[in-house]
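Peer 1: Fold the following for me, if possible:
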Amino acid sequence: MALAAHFTPAGRLTTTTVETVRFERPHRISFRLLRGPVPHVVETYALREVAGGTEFVYSGELGTDLWALGAWWADRIVAPWERAVATSLAPIQAESERRAGANSWPREPCLPSTIPERRHERLHRRESGRRRRCLRRHERPR
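Peer 2: Below you'll find the model as predicted:
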């Protein structure tokens, strides 16, 4: 668990938020508000295994008090909060998609009997040029 503080622009003001961050490897990160512009915020980033990859799920809950005044304040806070969440998730999405694209090799099936050995080796190179071990068992073509 970690304690984190961050600053979020909200119109002409900047709000200070202090929250606990709990890491539940490998599938969840949870946040709970300790101090901020509203009395209650709970957020979760979760990873789920799905066919063909991993799904990222964000959930958040914001609560206010003071009845009508709290509802008015929530209406003012929700838009900046959602923008802050979207801003923090955008680079995560971009990097995840970049990594997924970089790891989607080989682009052709590994059939050593039909692919010459040099070309087969090229299919197993990462963009950085390092050779990655093939996960399939191969026999040399005869």
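Peer 1: Who's the closest spatial neighbour of E49, skipping the chain neighbours?
Peer 2: E55 (7.8 Å; C-beta to C-beta, 6 or more residues apart in numbering). (C-beta placed from N, C-alpha, C; glycine too.)
Peer 1: Can I get the helix or strand hosting the one you found as PDB, trimmed to CA atoms?
Peer 2: Taking DSSP states H and E as the definition, E55 sits inside strand 53-63. Below are the C-alpha coordinates for strand 53-63, written out as PDB (Å, rounded to 0.1, in the frame of the first residue of the first chain):
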ATOM      1  CA  GLY A  53      -5.700 -10.800 -24.600                       C
ATOM      2  CA  THR A  54      -6.400  -8.700 -21.500                       C
ATOM      3  CA  GLU A  55      -9.200  -6.400 -20.700                       C
ATOM      4  CA  PHE A  56      -8.700  -3.300 -18.700                       C
ATOM      5  CA  VAL A  57     -11.700  -2.200 -16.500                       C
ATOM      6  CA  TYR A  58     -11.900   1.100 -14.700                       C
ATOM      7  CA  SER A  59     -14.600   1.700 -12.000                       C
ATOM      8  CA  GLY A  60     -15.000   4.800  -9.900                       C
ATOM      9  CA  GLU A  61     -17.500   5.900  -7.300                       C
ATOM     10  CA  LEU A  62     -17.900   9.500  -6.000                       C
ATOM     11  CA  GLY A  63     -20.100  10.500  -3.100                       C
END
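Peer 1: For it, buried residues please.
Peer 2: For strand 53-63, burial by neighbour count (16 or more other C-beta atoms under 10 Å) applies to L62.
Peer 1: Okay, the residue nearest in space to the middle of the chain and E43: tell me how far apart.
Peer 2: Nearest residue to the geometric centre of the chain (C-alpha atoms, centre = their mean): I92, 4.6 Å. Distance, I92 to E43, using C-beta to C-beta, to the nearest Å: 14 Å.
Peer 1: picking up where we left off before, next secondary structure after the strand holding E55?
Peer 2: Past strand 53-63, the next helix or strand by DSSP H and E is helix 67-102.
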